[in-house]
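J.: Please work out how this folds:
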Amino acid sequence: MGIFGAMLTAVTGLKAQGFALENISGNIANSRTTGFKRVDTSFVDLIPDAPLNREQAASVLANGRNTVQLQGDLTTTQVGTNMAINGDGLFVVQERTSYAGGDPVFGGVDLYTRRGDFEIDKDGYLVNGAGYYLKGVGMDPLTGALIGSKPDVIHISGDNLPAKSTTLVQYRANLPSYPRTNDADSSVPGSELLSASGFSVDPRTSGAGYVAASDVAAFIDQSVPAGAVTLYNQVGSPVNVQMRWAKTQNAAGGGDTWNLFYQESTTATGATPAWRNMGTDFTFDANGSLTSSSTLSLPSVTVNGATVGPVTMDFGTSGLSQFADANGQVQINSVQQDGYASGVLQGIKVGDGGRIVGSYSNGQVVGLAQVVIAQFNGDNQLKRRDGGTFEQTLESGAPILLQGGRNVVGSTLENSNSDISEEFSKMIVTQQAYSANTRVISTSQQMLQDVLNIIR
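T.: Predicted coordinates:
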């Protein structure tokens, strides 16, 4: 190789070690950068063509090596829209190029990042600390179904959540085998039952099916409270529904019968209806199990002129029972309904499975968007760009888009995978290698000087 070859080889060594030092410097500088992926240095030897036994250890070339697949430590935060990927994958983002009519215009080229410090901006977009906009699939806030399958920049609307009319009431309770009504007297058989006598109209299902206002006092004395539930009509107005149970029949060996009523009017007078029978006989066997239908369909429910309907009451296969109760009162286990009033958006966070969920003033928490993550067969072959982003290349392959699933963790950030202690160790080795190459150059220079001295 000769003296000049040795000097040229040492120069390539200086360049390679300088390149490695530059990567180390960048790794140390970004040791606190969210989602940063360090760049390692790999060295390639360049061997000149030579005959066997005349081969030489010649020049060196330094290349950068991405570490996209190496995860940094995850830390929790107090920001609900922060997120991290626990495992493989990258967030799909786009860069804003300009504004048009006050709305951001995006570049149209998908980029990929592990930087998940997203927050809502003034326009309702999720933007990370480097200024990139998160992409995902929108969700219907009423049904929770995904809107399409193609990811787009996530935009959270500040519109009110529309009201939802109540269509289903789930009711779970135990009715006492002997209801202790005001008229109940253990020495008088049947005194605990609702009797048609004393009423201007028969309130049972076999009769008129309602309680006239003039008979309310008698009805209260022959029934027990069944709880209350607030229903919502089409515009989200609340309708408070008071209910009462009345036992109408005792049957030897089982077959007891009950009727359920709701208060239709608090201002009714005379013969006008005050309480409405729901129109179904609830029967129980000797073991206290419900033998009639476990659902009840009401065409409408009207309370003080406000109408909700149609409504289905679901008692479950074993949710309604008739067992002995020492107090003789209805034991209500659960009353739930599916309607709600209109609500104003109050907060946004990342929920389970990478869903962006909104909290509304009406107490509803609904899905607004689904985060997608991209996986590559050759993720370390992605092209590095500013702001912790990467760009697809021919070597990386096309992205495989998946729903976030358990990989996306909310209120969490991924730290840089650059370790300062490890980088300092590399720096010491690199410094020594650089110094050794300079020593080769100085030695070669001294040898040339010796050659020149021979001539003298």
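J.: Is residue 3 located within a helix, as I assumed?
T.: Yes. Counting by DSSP: H, G, I helix; E, B strand; the rest coil, residue 3 is part of a helix.
J.: which residues does it contact?
T.: 444, 447-448, 451 (C-beta atoms under 8 Å, 6 or more residues apart in numbering). In short, each C-beta sits where N, CA and C put it, glycine included.
J.: if we go to 10 Å?
T.: 443-448, 450-451 (C-beta atoms under 10 Å, 6 or more residues apart in numbering).
J.: What of residue 370?
T.: 136-139, 144, 146-147, 151, 154, 353-356, 403-405, 408.
J.: what bridges to it?
T.: residue 137, residue 355 (DSSP bridges).
J.: got a pLDDT number for it?
T.: The per-residue pLDDT reported for residue 370 equals 94.
J.: Residue 253 now?
T.: Reported pLDDT at residue 253 in the predicted model: 67.
J.: Show me the helices in the chain, by range?
T.: 2-29, 216-221, 420-455 (DSSP state H).
J.: what sits against residue 25?
T.: 423, 427.
J.: so where's the stretch 201-350 of the chain uncertain?
T.: Scanning the stretch 201-350 of the chain with the threshold set as pLDDT under 70 gives 253.
J.: try 50 this time
T.: Low-confidence segments of the stretch 201-350 of the chain, defined by pLDDT under 50: none present.
J.: can you give me the strands in it?
T.: For the stretch 201-350 of the chain, the strands defined by DSSP state E, counting those that start in this stretch cover 210-212, 224-232, 238-249, 254-263, 273-277, 282-285, 295-298, 301-303, 306-308, 311-314, 320-323, 331-337, 345-350.
J.: Could you single out the most deeply buried of the ones you listed?
T.: Neighbour counts (mean count of other C-beta atoms under 10 Å) averaged over each of the strands of the stretch 201-350 of the chain peak at strand 210-212, with a mean of 24.
J.: Indicate which one of the strands of the stretch 201-350 of the chain is closest to residue 103.
T.: The minimum distance between residue 103 and the strands of the stretch 201-350 of the chain falls on strand 345-350, with 19.2 Å, by C-beta to C-beta.
J.: Just give the nearest non-adjacent residue to residue 381, would you?
T.: residue 395 (3.7 Å; C-beta to C-beta, 6 or more residues apart in numbering).
J.: let me redo that: residue 433
T.: Nearest to residue 433 is residue 17, by C-beta to C-beta, 6+ apart, at 5.0 Å.
J.: distance of that neighbour from residue 382?
T.: 26 Å (C-beta to C-beta, to the nearest Å).
J.: Export stretch 403-413 to PDB, keeping only CA atoms.
T.: The C-alpha trace of stretch 403-413 is given here as PDB (Å, rounded to 0.1, in the frame of the first residue of the first chain):
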ATOM      1  CA  GLN A 403     -56.200   0.300  14.500                       C
ATOM      2  CA  GLY A 404     -54.300   1.400  17.500                       C
ATOM      3  CA  GLY A 405     -55.600  -1.400  19.800                       C
ATOM      4  CA  ARG A 406     -53.700  -2.000  23.000                       C
ATOM      5  CA  ASN A 407     -50.500  -0.700  21.500                       C
ATOM      6  CA  VAL A 408     -51.600   2.900  22.000                       C
ATOM      7  CA  VAL A 409     -51.400   4.100  25.600                       C
ATOM      8  CA  GLY A 410     -53.100   7.400  26.600                       C
ATOM      9  CA  SER A 411     -51.600  10.000  28.900                       C
ATOM     10  CA  THR A 412     -48.200   8.600  28.200                       C
ATOM     11  CA  LEU A 413     -45.100   9.700  26.300                       C
END
